[in-house]
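Chemist: sequence and predicted structure are below.
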There are 2 protein chains.
Amino acid sequence: MSNLQVLLVAGTHGNEINAPWVFDQWKQNQDLIDRFGLKVISVIGNPLAFEKGKRYLHRDLNRSFSKDLLNSENHNDLEISRAKELLGLYGPNGKNASQIAIDFHSTTACMGSSLVIYGRRPADLAIVSLIQHRIGLPVYLHEGNPSQKGFLVEAWPCGFVVEIGPVPQGSLNSRIIQQTFQALKICLEEISKSINSKSCFPDKLIVHRHLKSIDFPRDSSGEPIAYIHGDLDGRDWQPIKNGYPLFEYINGDKVRLSDNSFSDEVFPVFINEAAYAEKNIAMSFTKKEVWRFDDCWKDAFYALINS
Amino acid sequence: MSNLQVLLVAGTHGNEINAPWVFDQWKQNQDLIDRFGLKVISVIGNPLAFEKGKRYLHRDLNRSFSKDLLNSENHNDLEISRAKELLGLYGPNGKNASQIAIDFHSTTACMGSSLVIYGRRPADLAIVSLIQHRIGLPVYLHEGNPSQKGFLVEAWPCGFVVEIGPVPQGSLNSRIIQQTFQALKICLEEISKSINSKSCFPDKLIVHRHLKSIDFPRDSSGEPIAYIHGDLDGRDWQPIKNGYPLFEYINGDKVRLSDNSFSDEVFPVFINEAAYAEKNIAMSFTKKEVWRFDDCWKDAFYALINS
């Protein structure tokens, strides 16, 4: 039998409460979600922040897994300490080693259910291909963004984020709970099928590759002076071209998409995510690409789960 | 000329950022909103909480205007201090006395734009009648709820809340900004028309009278164990009867409306407002009533604005 262990994380951001709630229900009723014979550990990523209903206490835990922070001696930073603790407990070389990490998030943006990967690790591409093939979720490839790094799942050999929205922070929501519940079950089932060599890999993977993020128009003191244009609100994953209105001033003036590097349509994501305003991100643009499934992805994934 | 001064408040809850944003734009461009010749003061209710993006620091400012709290000597409580300060500055007997207070809020619930009054003060009933007659907003009469008291506008001779949703906390939103902007202009215009004796009072007022609030089903440790049923989500202001599903457990079990005191349909409001979970409120029920406009309301309102 495989020694694979899957780490499931919820509440990496303490104010995203739907996935932790699902985990809690599961804890109380182990039959709720079939483990499909997998060894699974589920944890609250940032329990101190979760208890306070805050995204984080000292810094974003989901940006705290970069090598420089993990190697730092900042003992007073709760999130760096927690990142080290999680790795010590469940990291690939931890006491209770896990090889795959799945991190469940929610967003205030109208993203529906989606998967996020960081970089192009073959095993990541294999598992998200399986899930996309099964239920069609979009895959956001977040790469080439030096200002955003140190994501939790990057510290495991294989891992991805399940991102579901829209839902306000701190609010349980029927739809988000059901979507989290479904995504969780399908992730486990697809991994389980791989162990039993029953996976049905597709011949292609559709990725939304990160191009860039843009900020709100701001005044000299840093305050936003325009808001997301009503026409764009809620249009995550839907293509727009140069000329499309992005922001609106209260007097009706518009800021339109105008980027010479965008020769064709781009697909905005994380439009108006409440937590990203502090990161100076009003939305991110992606390019939709169809990639041929590469057998080396499958090989890397099989090597991992059978290691 | 009337000595009337109108106090406009935004950011009484520091994480409700749309109305403060509108006020800020207005500050920078005084022509943005016609004052209709009125004396108007606009303030951020809880600037310290607003700066931190939090609803409040020590306690809910919008429950801090009860007599017992205002008379207390708790100098360390920032919100009680701020309540006293606001009254000292702009209260009916303050340095810069205002007679009408309008407090702009947002909610995560699907309330649309609505007006909230506390109790049955004749002048309040007069002004909300004018606004409802003009643009049809529902009026939530919040009364008979001893666990919730000390609302800001109650400390002024006349006042009401403008409540607009849905919007996540901490998120600027096109629709909410436009609705706040419109509501603000119409409030000022209607008050101005009254000063010039040009008001057109209706012959009736439709109120949604508060009946009771209910909490989420919780376990022995106080955690919610069910969520708002998907069928009810977003149905604020829409009538339901006994038997309608209110909550759902993750296994699909439902909690249905079953209240012997409800002989007929009731109208839920503030369904799943994120900030109310800590107050043990999952939603409130109201009864829709049509009241005949009483001339004493008008008399009280005219007496106030011409005092």
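Modeler: Now that the structure is in, tell me what you want to look at.
Chemist: can you name the residues of chain A that neighbour chain B?
Modeler: Where chain A comes near chain B, counting by C-beta under 8 Å from any C-beta of the partner chain, the residues are A:21-22, A:24-25, A:29, A:32, A:108, A:166-175, A:177-178, A:181, A:216, A:223-225, A:227-230, A:233, A:248, A:250-251, A:272, A:274-275, A:277. No exception for glycine: its C-beta is placed from N, CA and C like everyone else's.
Chemist: show me which of those are buried.
Modeler: A:21-22, A:24-25, A:108, A:166-175, A:177-178, A:181, A:216, A:224-225, A:227-229, A:233, A:248, A:250, A:272, A:274-275, A:277 (16 or more other C-beta atoms under 10 Å in any protein chain shown).
Chemist: right, and A:Pro224 touches A:Arg218 too?
Modeler: Yes: in this structure, A:Pro224 is within contact of A:Arg218 by C-beta atoms under 8 Å, at 5.5 Å.
Chemist: next, the residue in chain A sticking out farthest from the centre: phi, psi?
Modeler: No residue in chain A has its C-alpha farther from the mean C-alpha position than A:Asn251, which lies at 35.8 Å (C-alpha atoms, centre = their mean). The main-chain torsion angles of A:Asn251 are listed as degrees, to the nearest 10 and equal phi -80, psi 0.
Chemist: do you know the pLDDT at it?
Modeler: Note on A:Asn251: pLDDT of 94.
Chemist: and the strands in chain A?
Modeler: Taking DSSP state E as the test, the strands found in chain A are A:5-10, A:39-44, A:100-106, A:112-118, A:139-142, A:158-165, A:204-214, A:227-228, A:245-248, A:254-256, A:267-269, A:283-292.
Chemist: looking at the ones you listed, which is closest to B:Lys54?
Modeler: Shortest distance between B:Lys54 and those, using C-beta to C-beta, is found for strand A:100-106: 19.7 Å.
Chemist: pLDDT of that closest one, averaged?
Modeler: 98.
Chemist: that one - contacts with which helices or strands?
Modeler: strand A:5-10, helix A:18-28, strand A:158-165, helix A:174-195 (3 or more C-beta pairs under 8 Å, 6 or more residues apart in numbering or on different chains; DSSP states H and E).
Chemist: run the last query once more with 10 Å
Modeler: Where contact means 3 or more C-beta pairs under 10 Å, 6 or more residues apart in numbering or on different chains; DSSP states H and E, strand A:100-106 is packed against strand A:5-10, helix A:18-28, strand A:39-44, strand A:112-118, helix A:122-135, strand A:158-165, helix A:174-195, helix A:295-305.
Chemist: any idea of the angle the fourth one forms with helix A:174-195?
Modeler: What that stands for is strand A:112-118. Angular relation of strand A:112-118 and helix A:174-195 on a 0 to 180 degree scale: 50 degrees, by axes from the mean of the first three to the mean of the last three C-alpha atoms, to 10 degrees.
Chemist: show me what counts as buried in strand A:112-118.
Modeler: Judged by neighbour count (16+ other C-beta under 10 Å), strand A:112-118 contains these buried residues: A:Gly112, A:Ser113, A:Ser114, A:Leu115, A:Val116, A:Ile117, A:Tyr118.
Chemist: tell me the angle that strand makes with helix A:122-135.
Modeler: With the same axes, to 10 degrees as the basis, strand A:112-118 and helix A:122-135 are set at 170 degrees to each other.
Chemist: wait, A:Ala303 touches A:Pro122, no?
Modeler: Yes: the pair A:Ala303 and A:Pro122 qualifies as a contact (C-beta atoms under 10 Å) at a distance of 9.3 Å.
Chemist: in stretch A:42-59, which residues are buried?
Modeler: Of the residues in stretch A:42-59, those buried under the neighbour-count criterion (16+ other C-beta under 10 Å) are A:42-46, A:48-50, A:54-59.
Chemist: so which of those residues belong to helices?
Modeler: With helices taken from DSSP state H, the overlap with the buried residues of stretch A:42-59 comprises A:Leu48, A:Ala49, A:Phe50.
Chemist: which residue sits closest to A:Lys131, ignoring its sequence neighbours?
Modeler: Lys isn't right for residue A:131; it's Ile. A:Glu190 (5.7 Å; C-beta to C-beta, 6 or more residues apart in numbering or on different chains).
Chemist: beta partners of A:Ile117?
Modeler: With DSSP bridges as the criterion, the beta-bridge partners of A:Ile117 are A:Leu141.
Chemist: ends of stretch A:44-54, how far apart?
Modeler: End-to-end distance of stretch A:44-54: 13 Å, with C-alpha to C-alpha, to the nearest Å as the criterion.
Chemist: what do you get for stretch A:93-109?
Modeler: Taking C-alpha to C-alpha, the first and last residues of stretch A:93-109 lie 35 Å apart.
Chemist: returning to that earlier point: for the residue nearest to A:Ile131, give me its contacts.
Modeler: Residues in contact with A:Glu190 (C-beta atoms under 10 Å, 6 or more residues apart in numbering or on different chains) are A:Phe36, A:Ile127, A:Val128, A:Ser129, A:Leu130, A:Ile131, A:His133, A:Arg134, A:Ile135, A:Lys198, A:Ser199, A:Cys200.
Chemist: could I get those as a markdown table with neighbour count?
Modeler: Listed next are the contacts of A:Glu190 as a markdown table, based on neighbours: other C-beta atoms under 10 Å in any protein chain shown:
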| residue | neighbour count |
| --- | --- |
| A:Phe36 | 15 |
| A:Ile127 | 27 |
| A:Val128 | 25 |
| A:Ser129 | 26 |
| A:Leu130 | 24 |
| A:Ile131 | 22 |
| A:His133 | 18 |
| A:Arg134 | 16 |
| A:Ile135 | 12 |
| A:Lys198 | 9 |
| A:Ser199 | 21 |
| A:Cys200 | 9 |
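Chemist: report the lowest-confidence entry in the residues you listed.
Modeler: The weakest per-residue confidence within those falls on A:Lys198 (87).
Chemist: dump the residue contacts of it.
Modeler: Neighbouring residues of A:Lys198 by C-beta under 10 Å, 6+ apart: A:Glu190, A:Ser192.
Chemist: do the same with A:Ile271
Modeler: Taking C-beta under 10 Å, 6+ apart as the definition of contact, the neighbours of A:Ile271 are A:107-111, A:166, A:228-229, A:232-238, A:246, A:282-284.
Chemist: and it, its phi and psi?
Modeler: phi -70, psi 120.
Chemist: setting aside sequence neighbours, what's the nearest residue to it?
Modeler: For A:Ile271, the spatially nearest residue (C-beta to C-beta, 6+ apart) is A:Met283, at 4.4 Å.
Chemist: show me the contact partners of stretch A:76-86.
Modeler: Applying C-beta under 10 Å, 6+ apart, the set of residues contacting stretch A:76-86 is A:7, A:9, A:12, A:43, A:45-49, A:56-66, A:69-75, A:91, A:94, A:98, A:101, A:150, A:152, A:155-156.
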